[in-house]
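Novice: predicted model, plus sequence, below.
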Amino acid sequence: MTGVAVPGRVYLVGGAVRDALLQRSGGDRDFVVVGATPDAMTAAGFRPVGKDFPVFLHPRTHEEYALARTERKSGHGYRGFTVFASPDVTLEEDLARRDFTINAIAQADDGTLVDPFGGVADIETRLLRHVSPAFAEDPVRILRAARFMARFAPLGFSVAPDTGALMRGMVDSGEADHLVPERVWQELRRALEEPRPSAFLQTLRDCGALARVLPEVAALDGVPQRAEYHPEVDTGVHTGMVCDMAAQLAPGDSVIGFAALTHDLGKALTPADVLPKHIGHEHGGLAPLRALCERLRVPAEHAQLAQIACREHLNVHRLDELRADTVHDLIARCDGFRKPERIAQLGIVCEADKRGRLGLQDAPYPQRERLATLHRAARSVSVRDLDVTGLSGEQIGERLRRARIAAIATARATLRDPPAD
């Protein structure tokens, strides 16, 4: 089909096969080549790109073709493996090194499936099951299991009991402590882009890994909130619900998802004698948020919106009570005049916070649109609209601020008194 002869026997593997069986639209297609050598692949026009094991790009389609290989544990963490690739490695041996049975299915050119570990049956029964005890050798697989649950829980998947037990053993043995920050962040970011991030958190919680990799989030579990505002009561439960609502309101957006995840971190620091109230939690959450971002090396875009949402979400909830100058200063603190997208993002996070509560998933949240309206009104005023003759830079800034506050006040009056039909 591609007009390029591939040395050896070629099989489509991994996610493309799994997703086809799930009747989901697939992403990248990956292939494994059995019975070939690196020299033969290069001679056929394939370009080597693998650093740790032989992977090649097809000269026309640029899809990845990896030589069949095995792996042997040689140290701690996900880097602690010795890779062996040879024409003698069988397809079954290559599939055996994979993490989950649903990812260990291969498809030949004629459509025949090779399924030595029962992945097709696990797809039918909606189970996420490990391929072999070698699963326990790579702590990243704990995170991958959680991420796959964030993707597949809406389809009815659950973690197989024996896999869950294996993951708990990995945590208890300290293997999870060898996870490096970059991989934790990579898997967390991808989980936040899935439809049910709460399943990621719950899977980690169930095996004890949440407290190891996201202690600031795990600290929210069991922390009570006022039932009249939070019928779900438990702050950890609320956090998962907010993440799921954010995924619904902004599908695939990990920036908004991370802000949803971390908006209430301060509630874990509330003194016991104050509970279930959480006075000042929005500012109290900034320190643990900074610690989390520094440890995981969270990108600036994610960290900055998370800080804004943590600090400002209560202000947005009570937007109608704020004076026009207070609304202006909120927008300015968020850098909303230079980066207007931040106000729209903040509105989504705050709506997710309000609707991510038991029984409130369909509740209206007019504050989001009202904030957007007031923001547009303020941004409609620029220095070009003002007479600033003879004014200094600081004076110009203050005049612009007053004009924008006036525009906010005018827009708010329109919101309160809509024109008659």
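Specialist: Nice, thanks for sending it over.

Novice: going forward, measure contacts and count neighbours with C-alpha atoms only.
Specialist: Fine.

Novice: nearest residue to the middle of this structure?
Specialist: Nearest residue to the geometric centre of the chain (C-alpha atoms, centre = their mean): residue 192, 1.9 Å.

Novice: which residue ranges of the stretch 301-421 of the chain form helices?
Specialist: Applying DSSP state H, counting those that start in this stretch to the stretch 301-421 of the chain gives helices spanning 324-333, 341-355, 366-379, 393-416.

Novice: which one of those lies closest to residue 162?
Specialist: For residue 162, the closest of the helices of the stretch 301-421 of the chain is helix 341-355, at 34.7 Å, according to C-alpha to C-alpha.

Novice: if you count neighbours, what's buried in that closest one?
Specialist: Within helix 341-355, the residues scored as buried using 16 or more other C-alpha atoms under 10 Å are 342-355.

Novice: for the helix or strand where residue 151 lies, the distance to its chain's centre please.
Specialist: Using DSSP states H and E, residue 151 maps to helix 140-152. In terms of C-alpha atoms, centre = their mean, to the nearest Å, the centre of helix 140-152 is set 11 Å apart from its chain centre.

Novice: and the helix or strand following it, what does it pack onto?
Specialist: On the C-terminal side of helix 140-152, the closest following helix or strand by DSSP H and E is strand 158-159. Judged by 3 or more C-alpha pairs under 8 Å, 6 or more residues apart in numbering; DSSP states H and E, the packing partners of strand 158-159 are strand 127-128, helix 140-152.

Novice: can I get those in TSV with mean pLDDT, mean neighbour count and distance to residue 359?
Specialist: Below are the helices and strands packed on strand 158-159 laid out as TSV (pLDDT from 0 to 100; neighbours: other C-alpha atoms under 10 Å; distance: least, C-alpha to C-alpha, whole Å):
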stretch	mean pLDDT	mean neighbour count	distance to residue 359
strand 127-128	98	24	29
helix 140-152	97	24	22
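
Novice: quick one on the thing from earlier: weakest of the helices of the stretch 301-421 of the chain in terms of mean pLDDT?
Specialist: Lowest mean pLDDT within these: helix 393-416, a mean of 89.

Novice: how near is residue 21 to residue 28?
Specialist: Going from residue 21 to residue 28 by C-alpha to C-alpha, to the nearest Å gives 15 Å.

Novice: who has more neighbours, the two?
Specialist: Taking other C-alpha atoms under 10 Å, residue 21 and residue 28 do not tie; residue 21 has more neighbours (13 against 9).

Novice: which one of the buried residues of helix 341-355 sits closest to residue 115?
Specialist: Closest to residue 115, out of all of the buried residues of helix 341-355 and judged by C-alpha to C-alpha, is residue 352, at 41.3 Å.

Novice: correct me, but the closest one touches residue 246?
Specialist: Yes - Residue 352 lies in contact with residue 246 (C-alpha atoms under 8 Å); the separation is 5.2 Å.

Novice: now do the shared contacts for those two.
Specialist: Contact with both residue 352 and residue 246 is made by residues residue 260, according to C-alpha atoms under 8 Å, 6 or more residues apart in numbering.

Novice: helices or strands up against the helix holding residue 151?
Specialist: Using 3+ C-alpha pairs under 8 Å, 6+ apart, helix 140-152 sits against strand 158-159, helix 181-192, helix 197-207.

Novice: try it again with 6 Å
Specialist: Judged by 3 or more C-alpha pairs under 6 Å, 6 or more residues apart in numbering; DSSP states H and E, helix 140-152 is in contact with helix 197-207.

Novice: please list the residues outside the helix it packs on that contact it.
Specialist: For helix 197-207, contacts defined as C-alpha atoms under 6 Å, 6 or more residues apart in numbering pick out 146-147, 149-150, 167-168, 191, 210, 240, 243-244.

Novice: what residues of that helix count as buried?
Specialist: Buried residues in helix 197-207, counted by 16+ other C-alpha under 10 Å: 197-205, 207.

Novice: next, the angle helix 181-192 makes with it.
Specialist: Comparing the axes of helix 197-207 and helix 181-192 via axes from the mean of the first three to the mean of the last three C-alpha atoms, to 10 degrees yields an angle of 130 degrees.

Novice: surely residue 129 and residue 160 touch.
Specialist: Yes - contact criterion C-alpha atoms under 6 Å: residue 129 and residue 160 qualify, at 5.3 Å.

Novice: ok, these two, which is more surrounded?
Specialist: Taking neighbours as other C-alpha under 10 Å, residue 129 and residue 160 compare with residue 129 leading, 25 against 15.

Novice: and residue 74, what pLDDT?
Specialist: Note on residue 74: pLDDT of 44.

Novice: related to what we said a few turns ago, dump the contacts of helix 197-207 into TSV; add distance to residue 334 as well.
Specialist: Below are the contacts of helix 197-207 laid out as TSV (distance: C-alpha to C-alpha, whole Å):
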residue	distance to residue 334
146	33
147	31
149	34
150	30
167	41
168	41
191	26
210	30
240	25
243	21
244	24
